[in-house]
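> pasted the sequence and its predicted model underneath.
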Amino acid sequence: MKNAVLYMAAAVMLIFVACKKDKNAHPEDNAPQPKNIANLQGEWKAVSFLTGNGGPVRWEPVTEQNHIAFSFNGLFTSTNMIFDTYDLEMVSGTWSGDTVLTLSKAAQPQGQNGFFIINRLTKDTLVLSNGYCLDFCGTKYTRVK
């Protein structure tokens, strides 16, 4: 378990380091937003994922279409996930100050949830890492306008 926490901490740090800044973007577009429902609302399209398969950790473009959407009332939709509701929670302890995104399916028993750490949220970018991932993993989304 201790190794899992260490791997997750390393993955989170690498996600922050690996994010490139767009030189043509306006500074306010890249400014971090509060990780709350109001800023998360809307549709997002996956554009890249973080990988470290036997080599350096890097962002690779996604190969299949993946859209996710968050509504103001806690409903979640996705082209690739079975979940239909979401909740946000600030965490203390290991990931103190981070925001955990919990996805669940209303018709499923408790405990069958997906847990993601919101690593970055700006006006147009969302970076999530899977709470169960033991290796370098994360997905970068851009807001669908």
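Right, received. Where do you want to start?
> kindly export stretch 35-53 (C-alpha atoms) in CSV.
Output of stretch 35-53 as CSV, limited to C-alpha atoms (Å, rounded to 0.1, in the frame of the first residue of the first chain):
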residue,chain,number,x,y,z
LYS,A,35,-12.0,23.0,-8.6
ASN,A,36,-15.8,23.3,-8.1
ILE,A,37,-19.0,22.3,-9.9
ALA,A,38,-19.4,25.7,-11.6
ASN,A,39,-16.0,25.5,-13.3
LEU,A,40,-16.3,21.8,-14.1
GLN,A,41,-19.7,22.0,-15.8
GLY,A,42,-20.0,21.4,-19.5
GLU,A,43,-18.6,19.0,-22.1
TRP,A,44,-15.0,17.9,-22.3
LYS,A,45,-13.1,16.1,-25.1
ALA,A,46,-10.0,13.9,-24.3
VAL,A,47,-7.0,15.0,-26.3
SER,A,48,-4.0,13.2,-24.7
PHE,A,49,-3.0,10.7,-22.1
LEU,A,50,0.1,10.5,-19.9
THR,A,51,2.2,7.4,-20.4
GLY,A,52,5.5,6.1,-19.3
ASN,A,53,5.6,2.6,-20.9
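> in that stretch, which residues are buried?
35, 39-40, 44-46, 48-51 (16 or more other C-beta atoms under 10 Å). For the C-beta atoms, the positions are set from N, CA and C on the backbone; glycine is no exception.
> what does stretch 79-88 give?
83-84, 86.
> show the average pLDDT along it.
Averaging pLDDT along stretch 79-88 yields 92.
> so what touches that stretch?
Residues outside stretch 79-88 that contact it (C-beta atoms under 8 Å, 6 or more residues apart in numbering): 35-37, 40, 64-68, 70, 74-77, 99-106, 113-114, 118.
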